[in-house]
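Participant: Got a predicted structure plus its sequence, pasted below:
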Protein chains: 4
Amino acid sequence: MPRATTARPPAPHPPEGEACHTSQHLCMPEDSRQRAARRLAIARGHLESIRRSLEDPDVYCVDVLRQIKAVQGALDGAASVVLRGHLEAHVATAATRGDAQDMVDELMDVLKYI
Amino acid sequence: MPRATTARPPAPHPPEGEACHTSQHLCMPEDSRQRAARRLAIARGHLESIRRSLEDPDVYCVDVLRQIKAVQGALDGAASVVLRGHLEAHVATAATRGDAQDMVDELMDVLKYI
Amino acid sequence: MPRATTARPPAPHPPEGEACHTSQHLCMPEDSRQRAARRLAIARGHLESIRRSLEDPDVYCVDVLRQIKAVQGALDGAASVVLRGHLEAHVATAATRGDAQDMVDELMDVLKYI
Amino acid sequence: MPRATTARPPAPHPPEGEACHTSQHLCMPEDSRQRAARRLAIARGHLESIRRSLEDPDVYCVDVLRQIKAVQGALDGAASVVLRGHLEAHVATAATRGDAQDMVDELMDVLKYI
């Protein structure tokens, strides 16, 4: 995976245990991680089905477009799970930790993409 | 794959050979099919990497959001290939075949999703 | 208005009268023009209301975001009217006129934006 | 303007003065209000130009689509200003006030629209 190494804002006062596993940085809440992983596994299966359907010379363009759109919807759902976890565990607590400006800058940047 | 069975507009006067393999309905141009399949295969691999990265308890929400967005960009690219093939092979030729209204209705419907 | 002067594809065989007013280039169908204009007038009024609401120091961010989104939806509706007219009058007839490749290139370019 | 009356989360411990003008509820930061208002005024002028351009029977569909898209970009910019102000003044401080869950629910709901 082409990892984007993100400069994470420092978290001198780590949030509650459910949000972070080390004292070094912010981590993804366990529940979000598992739910997002399940959704991505389903999206991957759907994507593989579409790819296989393209081996059929009779496949119709508009059917393929609709299927790709369905996968995009599933990925939106996965991103939504991750975003909610991030807002709850990291953004809403930012003023407490003292890194509000960094967290908001980072979030505004990533929201451009969603 | 949850196939959406699309009511395809009849094509009484099938377009040139490169666009359709049977006289029964419109088919996807061969070149679009192959290029879209390659892009979907790459997107599927990327998706699997993201899913695996979620096994790491230290993964950061914002990195996951960025990776999901990159896959969505790849899917946009695949959809773009399919759409271009559809416009060239089926929509631009619709008046010649006499099914312009059906083709435009169908396209407007699917563009809502893109 | 910062007019983008678009290099329009030549239309050597102009389509039927309802689609074009001169023999020099493709024009917008009359009905699309009127319906789009009505929608834009409504969106402009809504936009002015939002701007005025921002004079109230008590206005809430999330209410403003929702109102802006409603205007975006209205503009999507106006764009949809224009796009449908374009597909019917200019794209579906492109093979007949002989400018299919130009029309598809131009449409793919503008669809990126929608 | 069709006002959506939003059930605002209670703010028992109002944030610093720059963010709120009464002790009753969360208000939009002054700076965001002014910058968003300026952007909306520009978008409204652009919208009016597009509407007038539709009085010209020779206007071309694709030019209108591009102009509508430019206005949507301007509205995205206005929404971005408002969202940033909201994140800084209201979301990043939510854990301090004790309404994090309400703020995140509301934000996830409005982000669907953006």
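Facilitator: All right, it came through fine.
Participant: Contact residues of chain A facing chain D?
Facilitator: A:80, A:83-84, A:87-88, A:91-96, A:100-101, A:103-104, A:107-108, A:111, A:114 (CB under 8 Å from any CB of the partner chain). In short, each C-beta sits where N, CA and C put it, glycine included.
Participant: List buried residues within these.
Facilitator: Restricting the residues of chain A next to chain D to buried positions leaves A:80, A:83-84, A:87-88, A:91-95, A:100, A:103-104, A:107, A:111, with burial counted as 16 or more other CB atoms under 10 Å in any protein chain shown.
Participant: out of those, what pair is the most spread apart?
Facilitator: A:80 and A:95 (23.9 Å; CB to CB).
Participant: do the longest helix anywhere in chain A and chain C meet?
Facilitator: Counting residues, the longest helix found in chain A (DSSP state H) is helix A:61-86. No: using CB under 8 Å from any CB, helix A:61-86 stays clear of chain C, coming no nearer than 12.0 Å.
Participant: returning to that earlier point: now, the buried ones among the residues of chain A next to chain D that are in helices?
Facilitator: Per DSSP H, these map to helices at A:80, A:83-84, A:94-95, A:100, A:103-104, A:107, A:111.
Participant: With distance to residue D:49 and pLDDT added, can I get those residues in CSV?
Facilitator: Converted to CSV, these look like this (distance: CB to CB, whole Å; pLDDT from 0 to 100):
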residue, distance to residue D:49, pLDDT
A:80, 37, 96
A:83, 36, 97
A:84, 40, 97
A:94, 41, 97
A:95, 43, 96
A:100, 40, 97
A:103, 39, 97
A:104, 34, 98
A:107, 34, 98
A:111, 29, 93
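Participant: any low-confidence regions in chain A?
Facilitator: A:1-24, A:113-114 (pLDDT under 70).
Participant: Which residue would you name as the spatial centre of it?
Facilitator: Geometric centre of chain A, nearest residue: residue A:79, 3.8 Å, by CA atoms, centre = their mean.
Participant: if I look at it, how far off is residue D:112?
Facilitator: 11 Å (CB to CB, to the nearest Å).
Participant: same thing with residue A:81?
Facilitator: 13 Å.
Participant: quick one, which of the two is more surrounded?
Facilitator: Taking other CB atoms under 10 Å in any protein chain shown, residue A:81 and residue D:112 do not tie; residue A:81 has more neighbours (22 against 10).
Participant: How much space separates that one from chain C?
Facilitator: With distances taken as CB to the nearest CB, to the nearest Å, residue A:81 is found 21 Å from chain C.
Participant: Ok, residue A:89 next?
Facilitator: Taking CB to the nearest CB, one finds residue A:89 at 21 Å from chain C.
Participant: so residue A:27, which of the three states?
Facilitator: coil (DSSP: H, G, I helix; E, B strand; the rest coil).
Participant: Count the residues that sit near it.
Facilitator: 24.
Participant: correct me, but it touches residue B:56?
Facilitator: No: look at residue A:27 against residue B:56 with CB atoms under 8 Å: they stay out of range, at 9.0 Å.
Participant: contacting residues for residue A:39?
Facilitator: A:74-75, A:77-78, A:81 (CB atoms under 8 Å, 6 or more residues apart in numbering or on different chains).
Participant: which of the residues you listed has the most neighbours?
Facilitator: residue A:78 (27 neighbours).
Participant: out of everything not next to it in sequence, what's closest to that one?
Facilitator: residue A:39 (4.0 Å; CB to CB, 6 or more residues apart in numbering or on different chains).
Participant: So which elements touch the longest helix of chain A?
Facilitator: helix A:30-53, helix B:30-53, helix B:61-86, helix B:100-111, helix D:100-111 (3 or more CB pairs under 8 Å, 6 or more residues apart in numbering or on different chains; DSSP states H and E).
Participant: tell me the most buried of those?
Facilitator: helix B:61-86 (a mean of 22; mean count of other CB atoms under 10 Å in any protein chain shown).
Participant: Quick one: distance of it to the chain centre.
Facilitator: 11 Å (CA atoms, centre = their mean, to the nearest Å).
Participant: And stretch A:52-60, by the same measure?
Facilitator: For stretch A:52-60, the distance to the chain centre is 31 Å (CA atoms, centre = their mean).
Participant: Residue A:48 contacts residue B:44, correct?
Facilitator: Yes: counting by CB under 8 Å, residue A:48 touches residue B:44, with 5.7 Å between them.
Participant: Stretch A:27-36 near chain B anywhere?
Facilitator: Yes: with CB under 8 Å from any CB as the criterion, chain B is reached by stretch A:27-36 at A:27-28, A:30, A:32-34, A:36.
Participant: Just give me the closest of those residues to residue C:63.
Facilitator: Of those, the one sitting nearest to residue C:63 (CB to CB) turns out to be residue A:32, at 28.4 Å.
Participant: list the contacts for the closest residue to residue A:28 other than its chain neighbours?
Facilitator: Closest residue in space to residue A:28, ignoring its immediate chain neighbours: residue B:61 at 4.9 Å, by CB to CB, 6+ apart. Residue B:61 makes contacts with A:26, A:28, A:32, A:82-83, A:85-86, A:89-90, as judged by CB under 8 Å, 6+ apart.
Participant: if we can go back for a sec, please convert the helices and strands packed on helix A:61-86 to TSV, extending it with distance to residue D:66.
Facilitator: Converted to TSV, those look like this (distance: least, CB to CB, whole Å):
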stretch	distance to residue D:66
helix A:30-53	31
helix B:30-53	26
helix B:61-86	18
helix B:100-111	16
helix D:100-111	27
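Participant: Of the ones you listed, which is nearest residue C:66?
Facilitator: helix D:100-111 (6.1 Å).
Participant: So the closest one, near chain A or not?
Facilitator: Yes: Helix D:100-111 is in contact with chain A by CB under 8 Å from any CB, via D:100-101, D:103-104, D:107-108, D:111.
Participant: and of those residues, the nearest to residue B:67?
Facilitator: Among the residues of helix D:100-111 next to chain A, and counting by CB to CB, the member closest to residue B:67 is residue D:111, at 18.8 Å.
Participant: doesn't residue A:83 make contact with the closest one?
Facilitator: Yes: using CB under 8 Å, residue D:111 makes contact with residue A:83 at a distance of 7.4 Å.
Participant: Hmm, residue A:94 is touching residue A:106, no?
Facilitator: No: counting by CB under 8 Å, residue A:106 is not a contact partner of residue A:94; they are 10.1 Å apart.
Participant: Tell me the residues that contact both of the two, please.
Facilitator: Counting by CB under 8 Å, 6+ apart, nothing touches both residue A:94 and residue A:106.
Participant: tell me the contacts of residue A:59?
Facilitator: A:53, B:27-28, B:33.
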